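> Using only what follows, build the 3D model:
(chains A and B)
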Number of protein chains: 2
Amino acid sequence: MRIETQRYTERFGSVRLNEVQKVLELDSGRAGAPDSPKEIALLKIEEEVIKDYEDKMAIAIPVKDEKLQLFEGVISGVPHDCLIIVVSNSQRKRINRFRMERDALSQYCHFTRRSAYIIHQKDPVLAKALAESGYTELLGEDGLLLNGKCEGMIAALLLATLLKKSYIGFIDADNYFPGSVWEYVKAYAAGFSLATSPYSMVRILWRYKPKVSPGMYFRKLGRVSEITNKYVNSLISANTGFETEIIRTANAGEHAMSLRLAQLLTYASSYAVETRELLSIFEGFGGVLPLAQHTAVKHGVEIFQIETRNPHLHEERGTKHLQTDMLLPSLSAVYYSQLCDEDTRENIVKELIAQGILKQKKEEPPPPVIYRAPCEINLEKFQEIMSENLASYSALAKD
Amino acid sequence: MRIETQRYTERFGSVRLNEVQKVLELDSGRAGAPDSPKEIALLKIEEEVIKDYEDKMAIAIPVKDEKLQLFEGVISGVPHDCLIIVVSNSQRKRINRFRMERDALSQYCHFTRRSAYIIHQKDPVLAKALAESGYTELLGEDGLLLNGKCEGMIAALLLATLLKKSYIGFIDADNYFPGSVWEYVKAYAAGFSLATSPYSMVRILWRYKPKVSPGMYFRKLGRVSEITNKYVNSLISANTGFETEIIRTANAGEHAMSLRLAQLLTYASSYAVETRELLSIFEGFGGVLPLAQHTAVKHGVEIFQIETRNPHLHEERGTKHLQTDMLLPSLSAVYYSQLCDEDTRENIVKELIAQGILKQKKEEPPPPVIYRAPCEINLEKFQEIMSENLASYSALAKD
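As a prediction, the model looks like this:
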């Protein structure tokens, strides 16, 4: 893979925010002599280096009643050396879709000789492990893990820790192109290989996000992303005193983190999760509020934003979904951040009124549900309970 | 890459026709211990093996007034170790689109440190080389290479020979997904690595060919392909006496050949070209007609058909284009093959009437324009003339 170097880096306390870096070549060929020092604009990241990071990476795929063909396609695009962790909240009554996913994954792993884990979001052992480790806010009245992609992501990152991985990358299960999935993972690995801190995050920016119907129109960014980026940047600007447009991936569903960083962050439920991760980093390591963790502050937290070559083509879900389901929680996450200034708050309310989501000026967006950082629970207890059952989550487990 | 083994091979004289093999994993990870002998259904093709074939492969991209973003995307998906050869028939008057393509390619090659060649289909030196080497049927009244994708493909394969490559793969320039392009090339290389004969061909079958508008519908095959496959199989059946459905890639625009094979085949102009290649192989090496070349007969000719993981999503061109532009020439190629039996001919005419392309029963489809095999021209003369100018076609050449 060949990507642009970090041409520009902004700082927010001990957070290093790198400007978007474009992927130039999906496959940059055999390892050769290192590029001459004159080549300062581009980096060739050797396949061997990428594979070193893939070895240490879990790819988490949250899934809920997705078409099986899409799910299989996504799986087939994940490079072999990564460990796949599927957290499924698909139905198990009438048509047992979870069983179908499990069978498909199991057949695939059997033939491709790779390992993967699959767990249902409502798994009782998972619920018990969360309860006894003290992560009770993740549990519903029935004592099981709550619905939601964020909740599944937290389960995945706890599992990845248990499985001794160092990085976790998230991939949505509704992607039409296995080749795009492949590129996301390569970009994650490329980003981590550039990091100088063990606390790092890679967020994907799609080159284009085509609108399918009618015809084909290659948009640069989704509308929700544009709006969220604007207010995240506004929050940063207010705190640093320098106007910025550095953040272009505030809603990046495709993103990856070192587990050391992932364990320090707080998470927000629903579609606020990706935006909240950024805010959690700024709050913990931006130097404005009390510092979250001193080792991380010493190393600094690094954020990479990588623009892929492949467009992003996924299942369309219509306008209402976008606006209320995605924009409101994303902007709420910004609004309720302890770092959010009064101007940004006012503008967010105006934006939400203009979008027809809030009705009147005095209304406030509903506050996001925030979950504590995984480092605050009893991880040993979690691991102790889950370890007993771990083999049964393997895609190659016998019933 | 991990693909299915050849589970079934049909023979037509000295031609070995392999059933479709599916790609299972885009990226099968690090080279490991060879799979145990029990694994007979699947093959892991190591990245190093694939790269050995990429080194020896030219990727030819015929282009004509394509959107520049698509062209750039396609280029970025071609693995670095392949040599890119662009044959462009884009306009040079008013807006010089050829110049734009050249500049884009040149900028790309400069940054990614790779080599590529680009030549205009109406290049006067190319025309002179074709004329003096005796390939006069390729030239129009103006003395320049004729319009058409097939004519560009022949120019590309002559150039690939001149540039000392052993394989040539064709990729259409209208593909939306660089990741698909990447997979095609990997599949070409994987196919060649399985060949036991130096006379081999790899043809791509798309897993799905989505129809974009309205919504998204994942078709297995295009209509034209289905119909063409049917009549090519009918022709094979009539000659071997055993009914077959082996051919599923009769219209495969994405295909690759060893240059040793490519030089022995005759080519048909317009959209008949891909179908005609198959017929040319059957005619030359099927054992029914006089054999074309004895060394190739001894080794046999091998045809692989590989089904990709990625769907194929490209620019839509509407129904009329499909029917008259593609179906008629494809079926004409079958109809006028010396191997075509009377039943297949009659059924082709019925089909063309049913499709509204031919009007009445007595009408015959127009015969395809057939070009002689490259081995019949004076290749030394071609190379002698082209060599002088070769550097000027390099994407890195200075004006």
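> Test my guess that A:Leu139 contacts A:Glu132.
No - applying CB atoms under 8 Å, one finds A:Leu139 not in contact with A:Glu132, separated by 11.0 Å. C-beta: built from backbone N, CA, C; applies to glycine.
> number of nearby residues for the residue in the stretch 51-200 of chain A that chain B sits nearest to?
Proximity of the stretch 51-200 of chain A to chain B (CB to the nearest CB) peaks at A:Gly179, 2.2 Å away. Other residues within reach of A:Gly179 by the criterion other CB atoms under 10 Å in any protein chain shown amount to 27.
> What residue, apart from its backbone neighbours, is nearest it spatially?
Leaving aside its sequence neighbours, A:Gly179 sits nearest to B:Gly179 (CB to CB, 6 or more residues apart in numbering or on different chains; 2.2 Å).
> Please name the spatially closest residue to A:Ala60 (chain neighbours excluded).
A:Ala156 (3.5 Å).
> can you give me the strands in the stretch 1-150 of chain A?
A:2-4, A:9-12, A:15-18, A:21-25, A:42-44, A:57-63, A:83-88, A:116-120 (DSSP state E, counting those that start in this stretch).
> in terms of contact, does A:Asn18 touch A:Arg11 like I think?
No - with contacts counted by CB under 8 Å, A:Asn18 stays clear of A:Arg11, the gap being 10.5 Å.
> Looking at the two, which is more packed in?
For A:Asn18 versus A:Arg11, neighbours defined as other CB under 10 Å are more numerous around A:Asn18 (22 against 12).
> re earlier: the helix or strand containing the residue nearest to A:Ala60 - what's its average pLDDT?
Using DSSP states H and E, A:Ala156 sits within helix A:149-162. Across helix A:149-162, the average pLDDT comes to 97.
> Stretch A:258-272 too?
Computed over stretch A:258-272, the mean pLDDT rounds to 94.
> buried stuff in it?
Neighbour-count burial for stretch A:258-272 flags A:258-272 (criterion: 16 or more other CB atoms under 10 Å in any protein chain shown).
> Sort out for me which of the residues you listed are in strands.
Members of these lying in strands (criterion: DSSP state E): A:258, A:267-268.
> Is it possible to get JSON lines of those residues that adds distance to B:Thr244?
JSON lines is the format used below for those (distance: CB to CB, whole Å):
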{"residue": "A:Ser258", "distance to B:Thr244": "55"}
{"residue": "A:Tyr267", "distance to B:Thr244": "57"}
{"residue": "A:Ala268", "distance to B:Thr244": "59"}
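> Can you tell me which of those residues is closest to B:Glu4?
A:Ser258 (36.9 Å; CB to CB).
> For the stretch 151-300 of chain A, just list every one of the strands.
Under DSSP E, counting those that start in this stretch, the stretch 151-300 of chain A gives strands at A:167-170, A:200-205, A:209-211, A:217-219, A:255-258, A:267-268.
> got the ones you listed as TSV, with distance to A:Val349 columns?
Below are the strands of the stretch 151-300 of chain A laid out as TSV (distance: least, CB to CB, whole Å):
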stretch	distance to A:Val349
strand A:167-170	30
strand A:200-205	26
strand A:209-211	27
strand A:217-219	27
strand A:255-258	28
strand A:267-268	19
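> From one end of stretch A:326-344 to the other, what's the distance?
Taking CA to CA, to the nearest Å, the first and last residues of stretch A:326-344 lie 19 Å apart.
> With stretch A:127-142 instead?
End-to-end distance (CA to CA), stretch A:127-142: 10 Å.
> what sits up against that stretch?
Stretch A:127-142 is contacted from outside by A:143-147, A:151, A:154-155, A:371-372, A:374, A:376-379, A:381-382, A:385-386, using CB atoms under 8 Å, 6 or more residues apart in numbering or on different chains.
> I figured A:Val185 hits A:Met57, correct?
Yes - using CB under 8 Å, A:Val185 is in contact with A:Met57, at 7.4 Å.
> between these two, what contacts are shared?
Common neighbours of A:Val185 and A:Met57 (criterion: CB under 8 Å, 6+ apart): A:82, A:169.
> Could I get the contacting residues of A:Gln280?
Quick fix: residue A:280 reads Ser, not Gln. A:Ser280 touches A:265-267, A:373, counting by CB under 8 Å, 6+ apart.
> ok, now A:Ala395?
Counting by CB under 8 Å, 6+ apart, A:Ala395 makes contact with A:84, A:102, A:105-106, A:108-109, A:115-118.
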